[in-house]
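S.K.: no letters, just coordinates:
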């Protein structure tokens, strides 16, 4: 195999990583762990997560594109009726994939045409349909910034920049984690290392409750 052939190198497919916002709505909050497990099994990375309780005014701002429609007051009332779980997700074709997993907007229709989708399983009607997903890349960026106001949305590295990103930002942290793992020798090394990486991520954004109200339990 000729790795120096520029034509062969140029023909290799490039994988573009997208972000999307997922909301687990008040009617499905009791199924949040199950929904999150499905998300991970479908190849998503959860970049950020938070549980929050939106006010009616905040729901109106979030769903601003639906302002003036007949269902708008009912939508904002429902979405502010209880806590939601918000997740910023990433993977190849994240927006289309998450929309496919959610299924049709109407849970009633979903049960007829897509019985395995999330809205068929956990929703009850058009309004109480369990989950939300961004419609486009523009909507995803706006919605992620709305829910995670202090996060910095940067392009996800891909192609030739991935190696540089890994060497600069990932490898040093991973090396420190593996060093600590060897020193401590925990009984469950996989779980210990996963927890250590979560707690020692140097790029973890700091989220404040400036825009939305945190759910306290």
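M.R.: Now that the structure is in, tell me what you want to look at. Small disclaimer: the values here were computed from a predicted structure and weren't measured.
S.K.: domains in this protein, as residue ranges please.
M.R.: Domain segmentation of the chain under automatic domain parsing yields 10-147, 161-199.
S.K.: so where's the protein uncertain?
M.R.: 1-16, 151-169, 202-217 (pLDDT under 70).
S.K.: which residues in it form helices?
M.R.: 6-11, 32-41, 56-62, 72-79, 94-102, 107-113, 118-122, 137-147, 161-165, 171-184, 189-199 (DSSP state H).
S.K.: residue 18: which of those helices is closest?
M.R.: helix 94-102 (3.9 Å; C-beta to C-beta). Backbone N, C-alpha and C define where each C-beta goes, glycine included.
S.K.: so what touches that closest one?
M.R.: Contact with helix 94-102 is made by 17-20, 22, 38-39, 42-44, 89, 91, 117-119, 130-137, 140, as judged by C-beta atoms under 8 Å, 6 or more residues apart in numbering.
S.K.: same thing with stretch 70-81?
M.R.: Stretch 70-81 is contacted by residues 25-27, 53-56, 58-60, 62-63, 66, 126-128 when judged by C-beta under 8 Å, 6+ apart.
S.K.: could you flag which of these are buried?
M.R.: Buried members of the contacts of stretch 70-81, scored by 16 or more other C-beta atoms under 10 Å, are 25-27, 53-54, 58-60, 62-63, 126-128.
S.K.: what comes up buried for stretch 131-144?
M.R.: Under 16+ other C-beta under 10 Å, the buried positions of stretch 131-144 are 131, 132, 133, 134, 140, 142, 143, 144.
S.K.: list the contacts of the fifth one.
M.R.: Shown here is residue 140, whose contacts under the criterion C-beta under 8 Å, 6+ apart are 18, 19, 20, 21, 94, 95, 134.
S.K.: then the third one?
M.R.: With contact taken as C-beta under 8 Å, 6+ apart, residue 133 is in contact with 20, 21, 22, 23, 95, 98, 99, 102.
S.K.: repeat for the fourth one
M.R.: By C-beta under 8 Å, 6+ apart, the residues touching residue 134 are 20, 21, 95, 98, 140, 143.
S.K.: what's the burial count for the fourth one?
M.R.: Each residue near residue 98 was counted by other C-beta atoms under 10 Å, and the total is 25.
S.K.: quick check: it vs residue 21, distance?
M.R.: Remark: distance between residue 98 and residue 21 (C-beta to C-beta, to the nearest Å) = 9 Å.
S.K.: overlap of the contact sets of those two?
M.R.: With C-beta under 8 Å, 6+ apart, residue 98 and residue 21 have common neighbours 89, 133, 134.
S.K.: in space, what's closest to residue 120 - neighbours in sequence excluded?
M.R.: residue 110 (3.8 Å; C-beta to C-beta, 6 or more residues apart in numbering).
S.K.: now the one you found: how far from residue 56?
M.R.: Separation of residue 110 from residue 56 (C-beta to C-beta) stands at 27 Å.
S.K.: looking at the contacts of residue 133, spot the one nearest residue 196.
M.R.: Nearest to residue 196, judged by C-beta to C-beta, of the contacts of residue 133 is residue 22 at 26.3 Å.
S.K.: what is the neighbour count of the nearest residue in space to the closest one that is not next to it in sequence?
M.R.: Take residue 22 and drop its neighbours on the chain: the residue closest to it by C-beta to C-beta, 6+ apart is residue 87, 4.6 Å away. By other C-beta under 10 Å, 23 other residues sit near residue 87.
S.K.: residues contacting residue 87?
M.R.: Listed by C-beta under 8 Å, 6+ apart, the contact set of residue 87 reads 21, 22, 23, 24, 36, 39, 46, 48, 49.
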